[in-house]
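Trainee: Need coordinates for the below:
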Amino acid sequence: MKKIPFNKPHYPFRGFLAIFNAAIRGTISGNGYYTQECQAFFEKRYGFKKALLTTSCSDALEMAALLADIKPGDEVILPSFTFVSTANAFVLRGARLRFADTLKDIPNIDPDEIEKLITPATKAIAVVHYSGIACDMDRIMDIAKKHNLFVIEDAAHAIDSFYKGKPLGSIGHFGTFSFHETKNIFCGEGGMLTINDDRFVKRAEILWEKGTNRAAFHRKEVDHYNWVDAGSSFLPSDALAAFLWVQLKDLEKIQRRRIRVWSEYFRRLQPVGAAQKITVPILPDFATHNGNLFFILMPSREERDKMLEYLKSHGIQAVFHYLPLHSSPYFKNLHDGRPLPNTDRFAGCIVRLPFYYGLKPGQIKR
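Mentor: Presented below is the predicted three-dimensional model:
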């Protein structure tokens, strides 16, 4: 029987034509025609004050840490159940990480746990919208306002997903997205930073362009550009933006198909879940899902491992993630010792099922 892979990227032929067209236009370096078209698309569709394409979501997170002026001695509260990039952005600035537990039934950060961890040294809260399902952003923003903290939304999973009608990535001070090939729309590797606070728009563009005001120069706002701040080369090649642009034009079609895959999994698994002690995703009233991924939660780590092995033996590639950051080899001696039981449960029991644009109903049924 033919194997079902975990992920199978959909490569539209028009994407390769767009890359060729970028070269014909005379530039495939950063901040070219397609970069600007993509950024304008996101700003218009989702109302982001400023959108800047980056080479990865990791780079977008690092830019957010720079803009929030994270320094040695500052503390950042974030979930342990996340990819390492969420943490690395702040470690690179010398911050102390305070890992918060997830909610019991959803693998998103628990606002009650955030509030318990705030100290005079706390500078920012980083939240992760796991699988495109929103964290409770009203509560988190209220906590941040009360304590004068920055909020960074790690929306790597969350393009075209919403909280009470608001696009994820538009609510915190900063939002970060991933266009890795496992995401809804992609360009191989790629990402985006969204800036939702006017105070940081100008500086974000400078950091993005290696610490120079080169973008302003290209808009003819200045007669030459200069080194004006500490920055880096965060912007991607316009060739990558060209490939992404083609998918943006097909975004509604892509989303319809991915949401159909998610809904079919949910329809088939929800009725049998309770009897088999298997949990399917829970969608809060305030959140939407965007067809990013589908997971089931097994009753134990042992059952999770048996399920993965069973699927593998039947030609179906499923995976698990994440390994908790608070108990990782790098951080376990730096963690303050607090147990994070919900994090450990999700890390030990989640199974991610095959999920991609071209997944067929018969494959889902199997």
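Trainee: CA atoms for contacts and neighbours, from now on please.
Mentor: Noted.
Trainee: any idea which helix or strand carries residue 268?
Mentor: helix 251-276 (DSSP states H and E).
Trainee: which other residues reach the longest strand along the chain?
Mentor: As assigned by DSSP state E, the longest strand anywhere in the chain is strand 122-128. Applying Cα atoms under 8 Å, 6 or more residues apart in numbering, the external contacts of strand 122-128 come out as 68, 70, 74-79, 82, 86, 108-109, 135, 144, 148-156.
Trainee: quick one, what contacts the residue lying closest to residue 341 once chain neighbours are set aside?
Mentor: Closest residue to residue 341 apart from its sequence neighbours, by Cα to Cα, 6 or more residues apart in numbering: residue 101 at 7.3 Å. Counting by Cα under 8 Å, 6+ apart, residue 101 touches 79-81, 109-110, 113, 340-343.
Trainee: Please tell me I have it right and residue 79 contacts residue 102.
Mentor: Yes - the pair formed by residue 79 and residue 102 meets the contact definition of Cα atoms under 8 Å, at 6.8 Å.
Trainee: where do the strands sit along the chain?
Mentor: Going by DSSP E, the chain shows strands at 50-54, 75-79, 96-100, 122-128, 150-154, 162-163, 166-167, 174-178, 191-195, 295-297, 350-352.
Trainee: Include distance to residue 281 when you put the ones you listed into a markdown table, please.
Mentor: Shown next, in a markdown table, are the strands of the chain (distance: least, Cα to Cα, whole Å):
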| stretch | distance to residue 281 |
| --- | --- |
| strand 50-54 | 30 |
| strand 75-79 | 18 |
| strand 96-100 | 21 |
| strand 122-128 | 16 |
| strand 150-154 | 19 |
| strand 162-163 | 16 |
| strand 166-167 | 20 |
| strand 174-178 | 21 |
| strand 191-195 | 26 |
| strand 295-297 | 7 |
| strand 350-352 | 10 |
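Trainee: Of all the ones you listed, which one is nearest residue 225?
Mentor: Judged by Cα to Cα, the one of those that comes nearest to residue 225 is strand 50-54, at 19.0 Å.
Trainee: between that closest one and strand 191-195, how many degrees?
Mentor: 160 degrees (axes from the mean of the first three to the mean of the last three Cα atoms, to 10 degrees).
Trainee: Go through strand 50-54 and flag the buried ones.
Mentor: 50-54 (16 or more other Cα atoms under 10 Å).
Trainee: for stretch 220-234, same thing?
Mentor: Buried-residue list, stretch 220-234, by 16+ other Cα under 10 Å: 231, 234.
Trainee: Over to stretch 111-128?
Mentor: 111, 113-114, 118, 122-128.
Trainee: Can you lay out those as CSV showing distance to residue 315?
Mentor: Below are these laid out as CSV (distance: Cα to Cα, whole Å):
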residue, distance to residue 315
111, 40
113, 40
114, 41
118, 47
122, 47
123, 47
124, 44
125, 41
126, 38
127, 35
128, 32
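Trainee: Pull the contacting residues for the residue most central in space within the chain.
Mentor: In the chain, the residue lying closest to the centroid (Cα atoms, centre = their mean) is residue 156, at 1.0 Å. The contact partners of residue 156, by Cα under 8 Å, 6+ apart, come to 57, 128-129, 176-179.
Trainee: Most neighbours among these, which one is it?
Mentor: residue 176 (35 neighbours; other Cα atoms under 10 Å).
Trainee: Break down the stretch 101-250 of the chain into its helices, ranges please.
Mentor: Taking DSSP state H, counting those that start in this stretch, the helices of the stretch 101-250 of the chain run over residues 111-117, 137-147, 201-208, 214-218, 238-249.
Trainee: how close does residue 287 get to residue 150?
Mentor: Between residue 287 and residue 150 the distance is 22 Å, computed by Cα to Cα, to the nearest Å.
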